[in-house]
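> Show me the folded form of this:
(one chain, ligands or ions: 1)
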Amino acid sequence: MSKFPNNFFWGGATAANQFEGGYKEGGKGLSIPDTLTLGTKDTDREYHYPIDESKYTYPSHKASDFYHHYKEDIKLLAEAGLNMYRMSIQWSRIFPNGDEDKPNPEGIAFYRNVFEELKKYNIEPLVTISHYELPLGLAEKYDGWANRKLIDLYVHYANTLFTEYKGLVRYWLTFNEINSLSMPSGGFPVGGIKSIAGGHGMTTQIEETSVQMSTRFTALHNQFIASARTVNLAHAIDPENKVGCMIAGMTSYPLTPKPEDMLAWQEKIQQGLFFCPDVQSNGEYPYYMNRFFRENGIVISKEKGDDEVLKNGTVDFVTFSYYPTGCVQAKEEKKSNGAINAFGTPNPYLKKSQWGWNIDPVGLRFYLNEFYRRYKKPIMITENGLGAEDKLENGKIHDPYRIEYMRQHVEAMSEAIKDGVNLIGYMPWGIIDLTAASTGQMSKRYGIVYVDADDQGRGTFDRYRKDSFYWYQQVINSNGANL
Ligand code: BG6
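All right, here's what the predicted structure looks like:
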C-alpha cells in the first residue's frame, strides 16, 4: 500500500537560465549566468563580459531550448504523470535591466503561454521567482544585492508576477537556495555583488575580509527582507497564494563521535543549513549567529522596522534541495573545489557519482525529520537527482543507475512520511536534461527525458524518453506504491 498522501505532488524541477535558452529573444536582457562560460568537473566556470561567443561557450544561451520546445516538453511531463512542475522566471525577461517601471510584454506573454499550457494538463506550476539569474544590469548599476534598493526592485518584479499570473500560479518560492549567499562562493554569481573581490566562478572558495563578509551578509539580509515582504504581498493579492523558502541542502554528519567533531558539525549545519530557514520560517535571526557575526567582525546594515518585517513575513512551507552529504571534522583542511568541499570531508561509507557527489538516501530521511521537527510546516523536496552521463543508442537511453538512485530516495521519503513528516511533494531536478549550474555541462544529465545536445550546445535538441521516464510514470501512477 502507498504511504504517500493522495494529494502528493509528484513533480520535476528546472531553472530558466539552465533550461530555457533564447537568451536574447523576446526582448530579454542579460542576466549574470549569460556571462558565465562552460566549466568542467575540475575547472570553474568563468565570468566573461562583454560576451564573446567566438571564444567561449556560454551554456545559458541555448541551454535545452525550452523557449522553443515548451509545448512538447509540457506534453512529455504530462505523459509521465506529473501534477506539479517547478520552474523559474527570468527576471531579465520581465524587466531586461531589472529596474524598469513597465514589464516587457513579450516576456509576460511567454510565461503566460507556459502556464496556460500547464493548465491544459492540470499540472500545477511551482514558480521560483529568482533562481541564480539576477539581471546583469542590477550587478553593474547597483552592486547587486549589496544595495538595499534591490529590495524594492524585487518586490516590484514579484508584484508584477502575482498580478499578471493571478489564478494561473498559486505556489511560489522567493529565492532558490537562499543560503548560497551565506557562503563566499555565492557573492557574485548569486548575489551579483561585483565589489566582492575574488573569483567569479561558481565553485571557487574565496578568502574574505570582515568588510567583504559584512557586505555579503548584508546582501543576504536584503534578500530576507525582500522575501518576507513578498510573502505578504502574495497573500494580499490572492489568498490562494502559498509561498515557500528554498534551501540548499548543505547536509553533513560529524566524521567521528569525538565531541569536538560533534561541535564542529553542529556549527556547520547551523550556519550553512538552518540559519536561513530559521529566519524565513521562524521570523527572526537565530541566537547562534550572533557569536559568529561578532567573532568575524561582521556588521549587517539593517534598518528600523526590519525585525517586524521578518516577523510578519514567514513562509507557508519549507523546501530544500538534497544531493550529497559530507562529514565534518573539528579541523577541516581546505580543498580547492568548493562544489565538493562545501559539503565537508567525503563520507567513507558512501559511493560517489561520476561528478564526485556521494549518494545518501538514508540521509534524506534524517534531514527530512530534522527540518520538520524545527519548522512543523509542510515540507517539499524541490531538487534531488543523479547527474550522470547517458548514452543515446537507437533512440533509447538505458539509465538503471538513475532509476536506482530515485527509487532509494523515494523509499527514504516514504519512511520519513511514516515517521510523521508532512512531506507534500518531490521535484526531481532537471526532469528534462539541462545544463549544470556548477559546470555548465549538458553531459551532467539528471533528466528522465534526454535532450540531444552536447556541452557546446550542438545537436538536434530532439527529446527522447529514458528508461527512467517509464519508471517514474509507474511510480506516479501507483502513487509511490510501485517502485
Ligand atoms: C542546485 C541548484 O544547487 O543544484 C541547481 O539549485 C543546480 O540550479 C543543482 O543545477 C545541481 O547542481 P549542478 O551543478 O549539477 O547543476
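> Could you find the closest non-adjacent residue to Lys24?
His61 (7.9 Å; Cβ to Cβ, 6 or more residues apart in numbering). In this view, the C-beta of every residue, glycine as well, is placed from N, C-alpha and C.
> quick one, what contacts that neighbour?
Gly21, Tyr23, Lys24, Asp34, Glu53, Gly457 (Cβ atoms under 8 Å, 6 or more residues apart in numbering).
> can you tell me how far the fifth one sits from Gly457?
Applying Cβ to Cβ, to the nearest Å, the value for Glu53 to Gly457 is 10 Å.
> Among those two, which residue is more densely surrounded?
Gly457 (22 against 10; other Cβ atoms under 10 Å).
> Quick check: which element contains the more buried one?
When elements are assigned from DSSP states H and E, Gly457 belongs to no helix and no strand.
> repeat for Phe162
Phe162 belongs to helix 149-164, assigned by DSSP H and E.
> how about Tyr58, what does it touch?
Tyr23, Asp34, Thr35, Leu36, Thr37, Leu38, His48, Ile51, Gly440.
> What pLDDT is listed against Ala342?
What the model reports as pLDDT for Ala342 is 59.
> for Met183, same thing?
At Met183, pLDDT is 87.
> shouldn't it be in contact with Gly272?
Yes. Between Met183 and Gly272 there is a contact at 7.0 Å, judged by Cβ atoms under 8 Å.
> more neighbours, these two?
The residue with more neighbours, out of Met183 and Gly272, is Gly272; 22 against 19, by other Cβ under 10 Å.
> Apart from its neighbours in sequence, what residue is nearest the more buried one?
Met250 (4.2 Å).
> Can you verify my assumption that the one you found contacts Ile178?
No. At 11.8 Å, Met250 does not count as touching Ile178 under the criterion of Cβ under 8 Å.
> for the nearest residue to Ile89 once chain neighbours are set aside, helix, strand, or coil?
Leaving aside its sequence neighbours, Ile89 sits nearest to Tyr111 (Cβ to Cβ, 6+ apart; 5.7 Å). What DSSP: H, G, I helix; E, B strand; the rest coil gives for Tyr111 is helix.
> How about Gln474?
Gln474 ends up helix, using three-state DSSP.
> any idea how far the nearest residue in space to it that is not next to it in sequence is from Arg365?
Counting by Cβ to Cβ, 6+ apart, Gln474 lies nearest to Asn482, which is 5.2 Å off, once chain neighbours are set aside. Distance of Asn482 to Arg365, computed by Cβ to Cβ: 20 Å.
> Neighbour count for the two, which is higher?
More neighbours surround Arg365 than the other of Asn482 and Arg365, with 21 against 11 (other Cβ under 10 Å).
> How is that one assigned, secondary-structure-wise?
Assignment for Arg365 (three-state DSSP): helix.
> Please apply the same query to Met246.
Assignment for Met246 (three-state DSSP): strand.
> Am I right that Ser31 is in contact with Gly137?
No. With contacts counted by Cβ under 8 Å, Ser31 stays clear of Gly137, the gap being 9.0 Å.
> Of the contacts of Tyr58, keep whichever come out buried.
Tyr23, Asp34, Thr35, Leu36, Thr37, Leu38, Ile51, Gly440 (16 or more other Cβ atoms under 10 Å).
> With respect to the ligand, which of the residues you listed is nearest?
Proximity of those to the ligand (Cβ to the nearest ligand atom) peaks at Gly440, which lies at 8.5 Å.
> What does that closest one show for phi and psi?
The phi/psi pair for Gly440 (degrees, to the nearest 10) reads phi 80, psi 0.
> which residue sits closest to it, ignoring its sequence neighbours?
Nearest non-adjacent residue to Gly440, counting by Cβ to Cβ, 6+ apart: Pro59, 3.7 Å away.
> One more: Gly81?
In space, Gly81 is closest to Ile476, 3.7 Å off (Cβ to Cβ, 6+ apart).
> likewise Arg407?
Nearest residue to Arg407 in three dimensions, chain neighbours excluded: Leu483, at 5.0 Å (Cβ to Cβ, 6+ apart).
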